[in-house]
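Undergrad: Sharing a model that was predicted from the sequence below.
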Amino acid sequence: MSELEWKWKKYGEKHLVGRKVVAVNYFRESDAKELGWYDRPILLELDDGTVVFPSKDDEGNDGGALFGVTKDEVSLTFPVL
């Protein structure tokens, strides 16, 4: 694992490991508009008040879709609105 990958892995662990999702919403239209976004992504609220959401890129240029796979190998898609 590269030093850069290790750095971001530790960052993710610090903010996500052990957290519980307590609410699921989508960005409000007004919030997306304030950011200059055309798409409204899903928003996950964690038990410590942190909110996380997907973006199209790491510069935060617009909302993005979230993908996943269940333990039973069922594909998940949480689209932008």
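TA: Sure, I can see it. Residues are numbered from 1 along each chain as shown.

Undergrad: Now do the longest helix anywhere in the chain, average pLDDT.
TA: Looking across the chain with DSSP state H, the single longest helix is helix 3-16. Throughout helix 3-16, pLDDT has a mean value of 97.

Undergrad: How about stretch 33-40?
TA: The pLDDT scores in stretch 33-40 average 96.

Undergrad: So for that stretch, what gets flagged as buried?
TA: Buried positions in stretch 33-40, judged by neighbour count with 16 or more other C-beta atoms under 10 Å: Trp37, Asp39, Arg40. Where you see a C-beta, it was placed from the backbone N, CA and C, and this is true even at glycine.

Undergrad: who touches it?
TA: 26-29, 31-32, 56, 60-64, 80-81 (C-beta atoms under 8 Å, 6 or more residues apart in numbering).

Undergrad: Which residues are in contact with Pro54?
TA: Here Pro54 is in contact with Pro41, Ile42, Gly63, Gly64, Ala65, Leu66, Phe78 (C-beta under 8 Å, 6+ apart).

Undergrad: what's the neighbour count on the fifth one?
TA: Think Ala65. 13 (other C-beta atoms under 10 Å).

Undergrad: Repeat that for the second one.
TA: Residues lying near Ile42 (other C-beta under 10 Å) number 19.

Undergrad: Kindly report the same for the fourth one.
TA: By other C-beta under 10 Å, 19 other residues sit near Gly64.

Undergrad: still on that earlier bit, tell me the gap between whatever helix or strand comes next after the longest helix of the chain and the middle of its chain.
TA: Using DSSP states H and E, the helix or strand that follows helix 3-16 towards the C-terminus is strand 21-26. Counting by C-alpha atoms, centre = their mean, to the nearest Å, strand 21-26 is centred 11 Å from the centre of its parent chain.

Undergrad: go on, stretch 63-77?
TA: 12 Å.

Undergrad: mean confidence score for that stretch?
TA: Per-region confidence: stretch 63-77 scores 96 on mean pLDDT.
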